[in-house]
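Asks: requesting a structural model of the entry that follows:
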Amino acid sequence: MKVVIVGTGYVGLVTGACLAEVGTEVICADVDAAKIARLQNGVLPIYEPGLQEIVMRNQQSGRLSFTTELATALPGAAVVFIAVGTPPGEDGSADLQYVLQVAHQIGALMQDYLVVVTKSTVPVGTAARVNRAVKESLSARQLILDYDVASNPEFLKEGAAVNDFLKPDRIVIGVNTAQARQTLEQLYRPFLLNGHPILFMDIASAEMTKYAANAMLATRISYMNDIANLCGLVGADINQVRKGIGSDPRIGKHFLYPGMGYGGSCFPKDVKALMQTGREYGYQLRILDAVEAVNEDQKKVIFHKVLRHFDGDLKDKKFAVWGLSFKPNTDDMREAPSLVLIRHLLDAGAVVSVYDPVAMEEALPYLGSSVTFADDMYAAAEDAAAILLVTEWNAFRMPDWKRLHSLMATPLLFDGRNIYDDVQLVKQGFTYYGIGNAAASAVNALMQ
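Replies: I've put the predicted structure just below:
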């Protein structure tokens with residue numbers, strides 16, 4: 001089977017590479033000629049563990065190729081995926097202009113039956129608009145061709161996207177015809193052989209499933225951050241509370257880790273888009289209003305801890321920020337909590353040195369010359385008044401604490417992800433602050 005992917009961003013590139021990995025002939029198309037040229041030379045636009053190797057392997061085998069010419073890519077294809085960006089508009093709604101442009105282009109170029117699949121995250125009703133766009137372009141050509149429109153939302157975690165695609169929890173597909181179902185069932189058959197479930201449903205339900213899933217996960221994150229903040233006030237330890245509630249099978253342990261709020265390309269955008277969909281239908285999603293508000297406040301939680309520790313005076317004090325990307329194993333800086341923290345530090349007159357194992361280049365357009373980009377985690381911490389752990393990269397999990405103690409101006413750590421043992425750090429001479437961990441404050445006091 002031949003498949004065309006339109007869009008070579010995060011979703012399109014992972015989808016194309018992983019479909020090629022199981023033997024599908026895949027052509028990835030994009031209007032960005034420079035990006036296509038780099039991909040043809042093996043240079044990927046994103047960092048994702050394992051993706052480089054899959055792309056190179058399937059390019060060499062001839063199963064995966066890249067082009068700017070959709071007209072030459074479409075002939076002979078059975079399925080075309082629309083995987084272009086849907087950035088949020090000012091009101092939070094998903095901007096569908098690129099999706100609909102591609103749909104019009106498909107209608108202007110197709111010659112035979114196609115299943116046109118929306119892979120981009122799109123609100124309920126988008127497939128109907130895609131269908132109209134294809135039909136309008138066919139009418140302009142005075143052609144009548146059979147085609148189907150389907151929805152196949154992605155459920156990829158940045159940093160684990162390759163594994164998520166090759167070993168999915170579930171494959172959700174919205175279709176309206178038996179032919180579309182049969183075609184997509186054949187496409188995903190290699191994954192079904194390993195027992196991974198495929199869930200066929202109507203198109204509107206498939207579109208809603210994506211948003212509902214991300215909104216639920218975002219809700220769990222904001223809920224735990226809210227509880228963590230309360231734990232810090234009442235003297236409880238959020239790490240113990242998390243274990244206590246996570247052992248309940250009705251709740252489970254996933255997405256119960258407090259921190260500095262969610263970021264990235266999905267949760268912030270999808271929560272806003274779902275809220276806007278509710279408004280369009282005259283319904284207020286009050287829980288999501290609170291989820292978003294808690295998340296925005298949580299991005300400032302470490303800054304407020306820093307401000308309190310230094311009695312509001314941060315002028316000319318140096319702070320080392322460890323981790324810039326919104327989560328480990330990705331270079332994605334979109335909606336990253338680090339950007340909020342750094343902006344507040346700079347506004348308060350602080351000097352900021354940063355280090356991230358992967359995201360330094362991606363962070364440069366956001367931060368420019370306002371911070372110092374250090375060569376490594378220790379260089380960032382040299383003469384620092386404190387280390388601020390923002391992203392829990394593995395490289396940060398077991399640093400040389402003795403070395404850091406001697407390098408820093410003051411041995412002070414703000415752990416934005418609760419990855420360190422507060423008791424052990426205090427024993428080594430550090431003052432420690434975590435998220436929702438009043439016990440650390442008590443230990444600090446006892447050791448002084």
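Asks: can you list the domains in this structure?
Replies: 2-201, 211-297, 299-447 (automatic domain parsing).
Asks: would a markdown table of those domains with mean neighbour count be doable?
Replies: C-beta: built from backbone N, CA, C; applies to glycine. Formatted as a markdown table, those follow (neighbours: other Cβ atoms under 10 Å):
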| stretch | mean neighbour count |
| --- | --- |
| domain 2-201 | 19 |
| domain 211-297 | 18 |
| domain 299-447 | 19 |
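Asks: adding mean pLDDT, write these out as CSV.
Replies: What follows is these, written out as CSV (pLDDT from 0 to 100):
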stretch, mean pLDDT
domain 2-201, 94
domain 211-297, 94
domain 299-447, 93
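Asks: excluding covalently adjacent residues, which one is nearest to Lys272?
Replies: Excluding its sequence neighbours, the residue lying closest to Lys272 (Cβ to Cβ, 6 or more residues apart in numbering) is Gly92, at 3.4 Å.
Asks: for Val352, same thing?
Replies: Val371 is the one closest to Val352 (Cβ to Cβ, 6+ apart), at 4.4 Å.
Asks: kindly report the same for Thr330.
Replies: Spatial nearest neighbour of Thr330, excluding adjacent residues (Cβ to Cβ, 6+ apart): Glu158 at 4.2 Å.
Asks: tell me which element that neighbour is part of?
Replies: Using DSSP states H and E, Glu158 maps to neither a helix nor a strand.
Asks: my guess is Gly434 contacts Asn418. True?
Replies: Yes: at 4.9 Å, Gly434 and Asn418 qualify as touching, with contact defined as Cβ atoms under 8 Å.
Asks: coming back round to it: in contact with the residue nearest to Lys272, which residues are there?
Replies: Neighbouring residues of Gly92 by Cβ atoms under 8 Å, 6 or more residues apart in numbering: 272-273, 275-276.
Asks: in the residues you listed, find the pair that's most separated.
Replies: For those, the farthest-apart pair by Cβ to Cβ is Ala273 and Met275; their separation is 7.2 Å.
Asks: and Pro88, backbone torsions?
Replies: Phi and psi for Pro88, reported as degrees, to the nearest 10, are phi -70, psi 140.
Asks: thinking it is in contact with Asp270, fair?
Replies: No: the criterion here is Cβ under 8 Å, and Pro88 misses it with Asp270 at 9.2 Å.
Asks: doesn't the residue nearest to Lys272 fall inside a helix?
Replies: No: read with DSSP: H, G, I helix; E, B strand; the rest coil, Gly92 is coil and lies in no helix.
Asks: can you pull out the helices in the stretch 151-300 of the chain?
Replies: Taking DSSP state H, counting those that start in this stretch, the helices of the stretch 151-300 of the chain run over residues 161-166, 178-187, 189-192, 203-234, 238-246, 267-280, 286-298.
Asks: which other helices and strands contact the fourth one?
Replies: Helix 203-234 sits against helix 126-140, strand 147-151, strand 171-174, helix 238-246, helix 267-280, helix 286-298, helix 438-447, with contacts defined as 3 or more Cβ pairs under 8 Å, 6 or more residues apart in numbering; DSSP states H and E.
Asks: the residue nearest to Tyr47 when sequence neighbours are not counted: which element?
Replies: The shortest distance from Tyr47 to any non-neighbouring residue, by Cβ to Cβ, 6+ apart, is to Asp331 (4.2 Å). Of the helices and strands defined by DSSP H and E, none includes Asp331.
Asks: for the one 10 residues further on, same thing?
Replies: According to DSSP H and E, Leu341 maps onto helix 337-347.
Asks: got a list of contacts for that helix?
Replies: Taking Cβ under 8 Å, 6+ apart as the rule, helix 337-347 contacts 259-261, 263, 298-300, 302-303, 306, 314, 319, 321, 323-326, 333, 352, 354, 363, 366-367, 370-371, 388, 390-391, 416.
Asks: and stretch 65-76, by the same measure?
Replies: 2, 4, 6, 8, 26-33, 36, 39-40, 59, 80, 105-106, 109-112, 114.
Asks: chain center to it: distance?
Replies: Relative to the chain's own centre, stretch 65-76 is displaced by 28 Å; criterion: Cα atoms, centre = their mean, to the nearest Å.
Asks: again, but for stretch 324-344
Replies: 11 Å.
Asks: grab the CA positions of it and hand them over as PDB.
Replies: Only the C-alpha atoms of stretch 324-344 are listed here, as PDB (Å, rounded to 0.1, in the frame of the first residue of the first chain):
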ATOM      1  CA  LEU A 324      14.600  24.100  29.100                       C
ATOM      2  CA  SER A 325      12.400  21.900  27.100                       C
ATOM      3  CA  PHE A 326       8.900  21.300  28.400                       C
ATOM      4  CA  LYS A 327       9.700  17.700  29.200                       C
ATOM      5  CA  PRO A 328      12.700  15.300  28.900                       C
ATOM      6  CA  ASN A 329      13.700  13.600  25.600                       C
ATOM      7  CA  THR A 330      12.400  16.400  23.400                       C
ATOM      8  CA  ASP A 331      13.700  19.800  22.200                       C
ATOM      9  CA  ASP A 332      10.200  21.200  22.100                       C
ATOM     10  CA  MET A 333      10.100  24.700  23.800                       C
ATOM     11  CA  ARG A 334       6.500  25.500  23.100                       C
ATOM     12  CA  GLU A 335       4.700  26.600  26.300                       C
ATOM     13  CA  ALA A 336       7.700  25.500  28.300                       C
ATOM     14  CA  PRO A 337       7.500  26.400  32.000                       C
ATOM     15  CA  SER A 338      11.200  27.300  31.900                       C
ATOM     16  CA  LEU A 339      10.400  30.300  29.700                       C
ATOM     17  CA  VAL A 340       7.900  31.700  32.300                       C
ATOM     18  CA  LEU A 341      10.400  31.100  35.100                       C
ATOM     19  CA  ILE A 342      13.300  32.700  33.300                       C
ATOM     20  CA  ARG A 343      11.300  35.800  32.300                       C
ATOM     21  CA  HIS A 344      10.300  36.400  35.900                       C
END
